[in-house]
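Student: Here is the input, now give the coordinates:
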Amino acid sequence: MIGREDKGMKEEMKLEFDAISENEGLARVVIAAFLTRLDPTLEQLQDVKTAVSEAVTNAVIHGYEEKGGKIRMSAVLEKGQLEITIEDDGIGIEDVSKAMQPLFTTKPEGERSGMGFSFMEAFMDKVMVESSLGNGTTVHMWKSFQENILSQSKFLYGQV
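Tutor: Numbers count the residues shown, from 1 in each chain. Reported below is the predicted structural model:
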């Protein structure tokens, strides 16, 4: 693993799945498996899984209004930097900056807390949302694991 990262090799994963709430768990498991090569801490792993859960749940509940569709999840790992993209072709978001405000929800009658984007921003280093009414939403999230790679290198080369 260290050798590939040291050479700057990019690793990618892509997955498309049905926009049903049960697949939120699938997305969490897949991203966790993809991250194992970095030997993440439990906290790092939980942070990424939670951010992915929130993005997938938003696509199911808000993007497709629980009427079904497809969600695409991709992840790229390069030089200790993880980028995750969650895409849907749902109804889109009219005002992204408003939607990203804590406690904002378009479904106040439901059990939604309006904290999805806030959780994504809290658990990831950077979050960017692109959306177009009638064309869907794309959530990009980044998290650095550079420290994991450095500590693994020190351990492997006896510098600990």
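Student: Looks to me like E83 is in a strand.
Tutor: Yes. If the criterion is DSSP: H, G, I helix; E, B strand; the rest coil, then E83 is within a strand.
Student: Leaving out the residues flanking it, which one is nearest to it?
Tutor: Excluding the flanking residues, the one nearest E83 by CB to CB, 6 or more residues apart in numbering is V76, at 4.7 Å. Where you see a C-beta, it was placed from the backbone N, CA and C, and this is true even at glycine.
Student: what do you get for E65?
Tutor: Nearest to E65 is I91, by CB to CB, 6+ apart, at 6.7 Å.
Student: Enumerate every residue touching that neighbour.
Tutor: H62, G63, Y64, E65, L133, G134, G136 (CB atoms under 8 Å, 6 or more residues apart in numbering).
Student: measure it to H62 for me?
Tutor: Separation of I91 from H62 (CB to CB, to the nearest Å): 8 Å.
Student: pretty sure D47 contacts M120?
Tutor: No. D47 is beyond contact range of M120, at 9.9 Å (criterion: CB atoms under 8 Å).
Student: In the chain, where is pLDDT below threshold?
Tutor: Counting by pLDDT under 70, the ranges of the chain that qualify are 1-8, 102-115, 148-160.
Student: Now with 50, please.
Tutor: 1-6, 153-157, 160 (pLDDT under 50).
Student: what residue is smack in the middle of it?
Tutor: The chain has V52 as the residue nearest its centroid, 3.6 Å off, counting by CA atoms, centre = their mean.
Student: Where does it sit: helix, strand or coil?
Tutor: helix.
Student: circling back to that earlier point, buried ones only from the contacts of I91, please, as a PyMOL command.
Tutor: Remark: buried members of the contacts of I91, expressed as a PyMOL selection using 16 or more other CB atoms under 10 Å:
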select buried, resi 62+63+64+136
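Student: could the contacts of I91 go into a markdown table alongside distance to A32 and secondary structure?
Tutor: Below are the contacts of I91 laid out as a markdown table (distance: CB to CB, whole Å; DSSP: H, G, I helix; E, B strand; the rest coil):
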| residue | distance to A32 | secondary structure |
| --- | --- | --- |
| H62 | 24 | helix |
| G63 | 23 | helix |
| Y64 | 24 | coil |
| E65 | 28 | coil |
| L133 | 33 | coil |
| G134 | 33 | coil |
| G136 | 25 | strand |
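Student: okay, the contacts of I91 in a markdown table with distance to M124 next?
Tutor: A markdown table is the format used below for the contacts of I91 (distance: CB to CB, whole Å):
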| residue | distance to M124 |
| --- | --- |
| H62 | 19 |
| G63 | 19 |
| Y64 | 23 |
| E65 | 25 |
| L133 | 25 |
| G134 | 27 |
| G136 | 20 |
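Student: Kind regards, and thank you for your time.
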